[in-house]
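Visitor: Structure, please.
(chains A and B)
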Amino acid sequence: MATDAKRRAAEALLHVLPLPGHEAGWAREARAAARTRLLEAGAPVRRDEYWKYTDPARLTAPIAAVDATEARPDFESQFGEVHPRRVRFVNGHFRPDLSDELTQGGLTAATLADVLQQDLCFARDLFGRLEAAGQEKVARPLAALNTACATEGLVLHVTGTVAQPLHLRHDQVGEGACLLHHLIRVEPGASLMLLESGTVTNKVIEIDVADGGSFQHVRLQEGPRAPSAGHIFVRLGAEAQFKTFTLTADGEMTRNEVVVEFTGAGAVGHVAGAVLAKGESHIDNTVFVTHGAEGCESRQVFKNVLTDRAHGIFQGKIFVRPAGQKTDGYQISQAVLLNDGAEFLAKPELEIYADDVKCSHGSTTGRLDEAAMFYLRSRGVPQPEAEAMLVAAFAEEAFAEIDNEALADAMRAHVARWMAERYR
Amino acid sequence: MLEVKNLHVKLEEEDKVILKGVDLTVEAGKVHAIMGPNGSGKSTLSYVLSGREGYEVTMGSATLDGEDLLEMEPEERAALGLFMAFQYPVEIPGVGNMTFLRTALNSQRKARGEPEITAPDFLKLVREKAKALKIDAEMLKRPVNVGFSGGEKKRNEILQMAVLQPRMCILDETDSGLDVDAMKLVAEGVNALRSPDRAFLVITHYQRLLDHIRPDVVHIMSDGRIVETGGPELALRVEAEGYTHLDDADLENSGA
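Guide: Residues are numbered from 1 along each chain as shown, chains lettered A, B, ... in the order given. Take a look at the predicted model:
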């Protein structure tokens, strides 16, 4: 139960955000339940164990939602040779005028606002449900706030193999808070690749991958950005495949939480990321994987490249329920510090209630190998390129988590560019 | 080509003097050998010339074709034509051997204002050089030196030398850890590179490598100085008598 102060802070958060308009009964119930979750947990504070390394103050300052704007931010492809269909949100509003046709074979799309007004919809088993389930062990009040208040988002229903990936692009123009809530349901045997770029103040994505379904996600967060907190909640059925990779570069403060629950046997869930942080940048990857079914494989692979006074944070947990026999869990978080001022803080955790599991975790922090550096330079490779080669090699394990080689190359190119910019 | 004058060097961290006035001139087209007991400063000389950190030059100079090596970054020395074959080549996981070699070659060419080599030309060049050193395609594909045997690592060093075509080659204890066959292969690779405008400085503890790479001049190093210089026969004498008598010579030379 929250302290009075935390509860009051939570009320303040709710107060500034507009109340959702007319919605179906189930949606109103989901929102009420989320409000209760938020008020019971209270707004997060630094004293909370889960926020020990990341000060939530900049993520919880109550700011009124920004107005819809007529802004038309430029769009450039950030995913190299992959040519996805564009889905654009500007200041939290869907912009069909800037987007491509969404419906294609195996995929139907709608906005959250539309879906929440419908009485019968697959989304009623999804909206706020995975978010609530993801708070069983740890309170995630910012996600509850999102479910309580977010009125916009994308709802994807994947019923077959979707040929062309989607690129979900978020632009935020000007000051103010911006909430988005996306819902994705992948039916048995269906598959989708979702690319994502940009961040908003507070975003929740709930992803339900049914038996034998497949969902791949590659996300890019780069450039000067306002503070952002994002949650991805994933439920995986039997034999489902889920892979998410996030490249986060700079930005004042980024907190990415990924919460995965295995509910069917033999599924695979990989959560990977690369972090590039300079200046005063603060980047937090928090991952919670629950093995609630037999014979599932999970991997968490995070590589941090930090310089100046930047902070990289990794909190990763593998939680194995008694039903999670034959679990294969792996977790690695590593950082290379390019100078003395940067800092990496890691909290790897295992909590296991099954007796026949294989779980391993590791975390390292260090410099680039000086002997390797000298070796490269002695062959004529200038220091900036030598550093870039060693950084690329360091991060490779995370890039290897991206199944699509063209996408992996696009992500590698972002790292190379970031490294080159350090010496401009 | 390479001119080292009165070079004094100490370890930065320990305040320990290692080189106490090295004088050495290597002319183009020649092979010079430096022999000496362990701890005499042979490897330090090669590190200082190639620009490794951790050493402080307190006196003296080192130039390559008149250019001050000691003022340059390691990559600038390489672009100028200096190459050191490492005694312990470094393993670099995640960096492909070919990528590394192409980046190195093109970096050097760029620094010298030359055009970059095209991918097909590079491939052709590496394959040709690799074949002579019995380096197979598999080795070229692997990360730099990772999982290589001692002999493979040394052959990889010579391959880099053959591709980069430096003018001044320093071989630091290249024979260490090699069996006779591997040593012959390495020596053949070096001999193939001998030319009137290229010089070699072969640093070795034992004379056996010099059976395969015939030096023009042999220097004996002891306690941070070159104490004796002669022809190939000097190496044979060391082989027969060891380094013991040289300590006496060193004492005589230094007037103690």
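
Visitor: Give me the average confidence score over stretch B:34-41.
Guide: Mean pLDDT, stretch B:34-41: 90.

Visitor: is chain B contacted by stretch A:416-424?
Guide: No - Stretch A:416-424 lies out of reach of chain B by Cβ under 8 Å from any Cβ of the partner chain, never closer than 11.9 Å. In short, each C-beta sits where N, CA and C put it, glycine included.

Visitor: how about the CA coordinates for that stretch, as CSV?
Guide: Provided in CSV are the C-alpha atoms of stretch A:416-424 (Å, rounded to 0.1, in the frame of the first residue of the first chain):
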residue,chain,number,x,y,z
ALA,A,416,29.2,3.3,-36.4
ARG,A,417,27.7,6.7,-37.0
TRP,A,418,27.4,7.4,-33.3
MET,A,419,31.0,6.4,-32.8
ALA,A,420,32.2,8.6,-35.7
GLU,A,421,30.2,11.6,-34.3
ARG,A,422,32.2,11.4,-31.1
TYR,A,423,35.3,12.6,-33.0
ARG,A,424,33.6,15.4,-35.0
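
Visitor: which ones are touching residue B:21?
Guide: By Cβ atoms under 8 Å, 6 or more residues apart in numbering or on different chains, the residues touching residue B:21 are B:6, B:7, B:8, B:59, B:60, B:224, B:225.

Visitor: rerun at 6 Å
Guide: Going by Cβ atoms under 6 Å, 6 or more residues apart in numbering or on different chains, residue B:21 touches B:6, B:8, B:225.

Visitor: How about it: what's its closest non-neighbour residue?
Guide: residue B:6 (5.1 Å; Cβ to Cβ, 6 or more residues apart in numbering or on different chains).

Visitor: From residue A:378, how far out is the residue sitting nearest the centre point of chain B?
Guide: The residue lying closest to the centre of chain B (Cα atoms, centre = their mean) is residue B:170, at 2.0 Å. Note on residue B:170: its distance to residue A:378, by Cβ to Cβ, to the nearest Å, is 10 Å.

Visitor: Is the residue nearest to the centre of chain B in contact with residue B:201, as I believe?
Guide: Yes - checked against Cβ atoms under 6 Å, the pair residue B:170 and residue B:201 is within contact range at 4.7 Å.

Visitor: Helices of the chain, start to end?
Guide: The chain I'm using is chain A. Counting by DSSP state H, chain A has helices at residues A:4-16, A:25-41, A:57-60, A:112-115, A:129-133, A:141-149, A:370-378, A:383-399, A:405-421.

Visitor: actually chain B
Guide: Under DSSP H, chain B gives helices at B:42-50, B:74-80, B:97-111, B:119-132, B:137-141, B:150-164, B:180-193, B:209-212, B:232-241, B:244-253.

Visitor: which helices and strands does the second one pack with?
Guide: Okay, so that is helix B:74-80. On a contact count with 3 or more Cβ pairs under 6 Å, 6 or more residues apart in numbering or on different chains; DSSP states H and E, helix B:74-80 meets helix A:370-378.

Visitor: The helix it packs on to helix B:97-111, inter-axis angle?
Guide: 50 degrees (axes from the mean of the first three to the mean of the last three Cα atoms, to 10 degrees).

Visitor: Tell me the residues on the stretch 1-150 of chain B that lie near chain A, please.
Guide: Within the stretch 1-150 of chain B, the residues that sit near chain A (Cβ under 6 Å from any Cβ of the partner chain) are B:50, B:52, B:74-75, B:78-79, B:90, B:92, B:94-95, B:103-104, B:107-108.
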